[in-house]
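>>> Have a look at this prediction, sequence included:
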Amino acid sequence: MNYAQLKDHELIELFENGREEAIEVLISRYKNKVYTYIVLIVKDQQLAEDIFQDTFIKVISSLQSGKYSEKGIFSSWVMRIAHNLIIDHFRREKNLKTYSNDQYDGDLFNSARFADETIEESIIKEQINMDVQKLVDLLPDDQREVIVLRHYAGLSFKEIADQTGVSINTALGRMRYALINLRKIIEKHNIILTTN
């Protein structure tokens, strides 16, 4: 059987029926696209390789446990898994930032900036982050990509344009449409995103 000529859904079906080689063809088919996307955002080859591996481990375990349903395109589903793992990484990194008292005049740790959040504030913030991530996931791929690159990876619009192969105006336009669409979704569902 020539696996390379089979469509994604046929390969998935074969893999779910015990044909291990089918998943290898799928991974080979999308590895460059997924890896490039990850490395462009995280800008670290070793980290990109780790997230890439985690992405396909999650893909395989989801397929094995029957969690994949044929609702969309397989490649978009894989990219969404990679995207979510990248966001998880940035969240963890943000939470693990350390500070040294020696780097500052005065007592850094006697600062309101480092005061512990209440449990309630922490829960609310986490809920807002999860809600925002769900909203961003509803955007078209090109708009979601520019949001992730700008707000999670901290890239400039010139860097976004260079890395996605579009003009700065196109990158700005995608951001504009992403924000418009997010506002529409928020208004339509009467969502309130605030800690106040």
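Structure's in. What do you need? Predicted, not measured: the structure shown is a model, and the values here were computed from it. Numbering: from 1, shown residues only.
>>> make it CA atoms for all contacts and neighbour counts henceforth
Noted.
>>> Residue 169: neighbouring residues, count only.
12 (other CA atoms under 10 Å).
>>> Can we start the residue count at 62 from this point?
OK, 62 is where the count begins now, so the last one is residue 230.
>>> Give the rounded mean pLDDT of the helix or strand hosting it.
When secondary structure is defined by DSSP states H and E, residue 230 falls within helix 229-249. Mean per-residue pLDDT for helix 229-249: 88.
>>> which strands and helices sit next to it?
Where contact means 3 or more CA pairs under 8 Å, 6 or more residues apart in numbering; DSSP states H and E, helix 229-249 is packed against helix 180-198, helix 202-208, helix 218-225.
>>> any chance of these in a markdown table, with mean neighbour count, distance to residue 154 and mean pLDDT too?
Listed next are the helices and strands packed on helix 229-249 as a markdown table, based on neighbours: other CA atoms under 10 Å; distance: least, CA to CA, whole Å; pLDDT from 0 to 100:
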| stretch | mean neighbour count | distance to residue 154 | mean pLDDT |
| --- | --- | --- | --- |
| helix 180-198 | 14 | 15 | 72 |
| helix 202-208 | 20 | 18 | 86 |
| helix 218-225 | 17 | 21 | 82 |
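>>> and residue 73, what pLDDT?
Looking at residue 73 specifically, the model assigns a pLDDT of 90.
>>> on that earlier part again, report the buried residues of the helix holding residue 230.
Neighbour-count burial for helix 229-249, counted by 16 or more other CA atoms under 10 Å, picks out 229, 232-233, 235-236, 239-240, 242-243.
>>> can you check stretch 96-116 too?
In stretch 96-116, counting by 16+ other CA under 10 Å, buried: 96, 98-103, 109, 112-113, 116.
>>> if we can go back for a sec, most widely separated two among the buried residues of helix 229-249?
229 and 243 (20.9 Å; CA to CA).
>>> Okay, and the nearest residue to residue 129 once chain neighbours are set aside sits in which element?
Leaving out its chain neighbours, the residue that sits closest to residue 129 by CA to CA, 6 or more residues apart in numbering is residue 123, at 6.1 Å. For residue 123, the enclosing helix or strand under DSSP H and E is helix 106-125.
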